[in-house]
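Novice: Model the structure of this input:
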Amino acid sequence: LGRGDVISRCLGAGVPDHIWNHVLNVEPNRNLQQLGEISEAPDALTRTYLSSAHKQAAQQIQQWMESAGMTAYIDVLGNVHGIVEGTEPELGELVVGSHYDTVVDGGKYDGALGVLLGISAVKAVLLQALHKSGRLSDLEAAITEQITAGSDVQLPAEAVKGLLRGGVHVIGFCDEEGIRFRSTFLGSRAMSGALIKHKQLEVQDSSGLTLEDVLKDSGVANPTEAIQALALDPAKVRHYVEFHMEQGPQLEAAGLALGVVSGIAGQTWLSVNIEGVQGHAGSVPMDLRKDPMAAAAAAIHAIEATCTGTHDDSGGLDVSGEALVCTVGRIHAHPNQVNIIPNWVIFTVDIRCKRQEFRHKVISQVEAEIQEVCNKRGVNCTIARTHDAPPVHSDAGLLAQLQAAVLQAQTMIQRLVPDSTLSSPDQCDSSSSNDQDSSCRITSSEQSSEACDSSSSSQGSSCSNTRTNQSSQACNSQDSSCSSRPFSAAQFEVPVLLSGAGHDAMAMADITKIGMVFVRCAGGVSHSPREHVDPRDVAAATAAFATFMEMDLLEQPTDTSDRVEL
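Specialist: Okay, the predicted model is just below:
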């Protein structure tokens with residue numbers, strides 16, 4: 001596809017702009033804020049597996065799926081499913097999704113963004129299909145009335161039957177973060193049939209309950225059989241696509257809203273236990289100590305030197321181009337007192353890079369260097385691998401299709417969020433309808449209080465929450481999102497990024513081809529209440545996702561294999 005071809009074809013022909021603005025812009029932004037208010041903690045966003053807030057969120061997501069015309073249900077594990085069947089089942093299902101659990105004191109966008117974008121994109125592609133079939137006119141008056149009342153657009157399931165060639169299956173995965181059971185990907189591993197293999201029914205929470213215990217307490221007679229029954233049939237899945245906030249700064253630095261993901265880095269976790277000799281901080285001379293804390297500090301320094309390629313040893317690894325990152329994220333000493341030389345120290349090492357064989361070389365060198373430090377200092381050392389995941393590569397053809405969708409969506413994106421050289425809300429056309437007016441005003445680079453007023457009834461609550469998210473607490477002087485440079489959601493190139501973070505797509509790659517799209521976020525911040533995705537980028541991502549679905553579910557497949565370079 002050339003640039004002219006992309007611009008000449010776009011989602012949206014025949015459907016009124018006020019409907020597109022509501023479905024692609026207002027609803028996903030407003031629903032993200034609403035879901036972000038569902039928390040088990042009164043003063044922070046925390047939504048851990050099977051808490052009351054987690055169950056409430058699942059029910060809310062199910063309602064949004066049903067309003068989009070999907071048949072929706074919550075399975076025994078807590079995954080939320082929304083399905084629209086296709087007229088050609090032999091094509092297989094397009095499966096999309098992400099997770100709706102959060103870390104402790106987390107943000108509103110990690111995981112939830114992908115779930116809600118998927119729901120809104122399904123609604124949009126069904127509206128387009130209704131128009132193409134000539135059936136939208138029967139619903140248009142009711143839809144306009146719903147928008148005027150500030151409600152979500154409701155598509156009856158009966159009205160959308162038989163509209164899609166391929167089926168679509170949206171999944172809100174119940175647990176990706178692994179906070180309660182300290183074991184990740186519960187939801188997606190159940191759907192890919194790998195949960196039992198990873199022995200995750202046996203994992204325990206802080207009270208000693210296993211996942212199997214919890215499921216039995218909830219009325220599941222045979223958890224093993226119930227989990228096995230959840231697994232998708234790989235023969236019936238065409239591919240899996242996940243939209244996710246980037247959780248890094250690259251898109252923001254490039255001034256681009258969206259990028260495709262070439263793959264997810266492999267990762268290994270080490271637990272290092274160094275045992276020395278406990279003693280009095282004042283009476284043991286420095287040269288006679290066997291101090292595990294000092295040994296740990298030296299080992300951590302050696303790890304950093306290896307992973308940055310700055311090791312003094314000429315035999316150090318060449319880390320250029322490997323996307324290698326190493327992190328010591330947790331350290332604990334015993335007895336952990338100010339006036340006692342520790343008896344032992346435990347610390348963790350997280351090692352990630354894009355190539356499996358190189359990661360293995362790094363692990364071997366890191367382990368050797370830790371042992372060398374311990375030997376020199378006369379302390380005992382044991383190293384255990386607690387987690388090992390190979391890298392996952394996205395399907396090149398699927399990435400090409402996603403790139404083409406981002407470019408093809410640009411006309412719609414410009415209608416939703418015009419290029420923001422807007423310096424004040426006064427530049428918005430006052431003749432617009434209320435709903436269109438709020439869309440224009442939300443593109444103001446200043447995002448002032450006047451940008452969301454009471455006349456925009458369908459957007460009011462979303463705008464209010466967005467302003468709160470962009471307060472001085474959410475943005476500091478280092479966040480480029482808080483700068484005065486013009487904002488633009490338009491792009492005519494789609495970068496290819498590597499994900500250093502794990503995602504549900506890793507589990508789904510066991511059974512099907514995967515593709516991912518990253519959405520720009522403020523300052524690269526995630527797993528934090530300061531986590532933020534600009535509402536205009538939410539709208540742009542929803543339009544791109546809907547365009548991809550239109551290409552995938554309504555149109556005959558086209559060859560876009562020359563688009564992506566991995």
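Novice: ok, residue 543 to residue 20 distance?
Specialist: 8 Å (C-beta to C-beta, to the nearest Å). From N, CA and C alone the C-beta is placed, and that goes for glycine too.
Novice: more crowded one of these two?
Specialist: residue 543 (35 against 24; other C-beta atoms under 10 Å).
Novice: and residue 172, what element?
Specialist: strand 167-173 (DSSP states H and E).
Novice: what lines up beside that strand in the sheet?
Specialist: strand 80-84 (antiparallel), strand 93-99 (parallel) (DSSP bridges).
Novice: Mind checking those strands for the one nearest to residue 252?
Specialist: strand 93-99 (20.2 Å; C-beta to C-beta).
Novice: Quick one: mean pLDDT for the closest one?
Specialist: Per-region confidence: strand 93-99 scores 98 on mean pLDDT.
Novice: by contact count, what packs against the helix or strand that comes right after that strand?
Specialist: Next along the chain after strand 93-99, taking DSSP H and E as the criterion, comes helix 112-133. Packing contacts for helix 112-133, counted by 3 or more C-beta pairs under 8 Å, 6 or more residues apart in numbering; DSSP states H and E, involve helix 27-36, helix 52-67, strand 80-84, strand 93-99, strand 167-173, strand 237-245, helix 535-553.
Novice: From the chain's centroid, how far away is the fourth one?
Specialist: Mean-position distance between strand 93-99 and its chain equals 12 Å (C-alpha atoms, centre = their mean, to the nearest Å).
Novice: So what angle separates the directions of that strand and strand 237-245?
Specialist: If you take axes from the mean of the first three to the mean of the last three C-alpha atoms, to 10 degrees, strand 93-99 sits at 30 degrees to strand 237-245.
Novice: send the alpha carbons of strand 93-99 over as PDB?
Specialist: Only the C-alpha atoms of strand 93-99 are listed here, as PDB (Å, rounded to 0.1, in the frame of the first residue of the first chain):
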ATOM      1  CA  GLU A  93     -11.500 -16.500  15.300                       C
ATOM      2  CA  LEU A  94      -9.600 -13.300  15.700                       C
ATOM      3  CA  VAL A  95      -8.800 -13.300  19.400                       C
ATOM      4  CA  VAL A  96      -7.900 -10.000  21.000                       C
ATOM      5  CA  GLY A  97      -7.500  -8.900  24.600                       C
ATOM      6  CA  SER A  98      -5.300  -8.000  27.600                       C
ATOM      7  CA  HIS A  99      -5.700  -8.100  31.400                       C
END
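Novice: circling back: what about the strands paired with strand 167-173, which gets the closest to residue 395?
Specialist: With C-beta to C-beta as the yardstick, what comes closest out of the strands paired with strand 167-173 is strand 93-99 (12.9 Å).
Novice: buried stuff in the closest one?
Specialist: By neighbour count on 16 or more other C-beta atoms under 10 Å, the buried set for strand 93-99 is 93-99.
Novice: follow-up on the earlier one: quick one: closest of the strands paired with strand 167-173 to residue 386.
Specialist: strand 93-99 (21.5 Å).
Novice: tell me the contacts of residue 130?
Specialist: Taking C-beta atoms under 8 Å, 6 or more residues apart in numbering as the criterion, residue 130 is in contact with 136, 139, 155, 159-160, 163.
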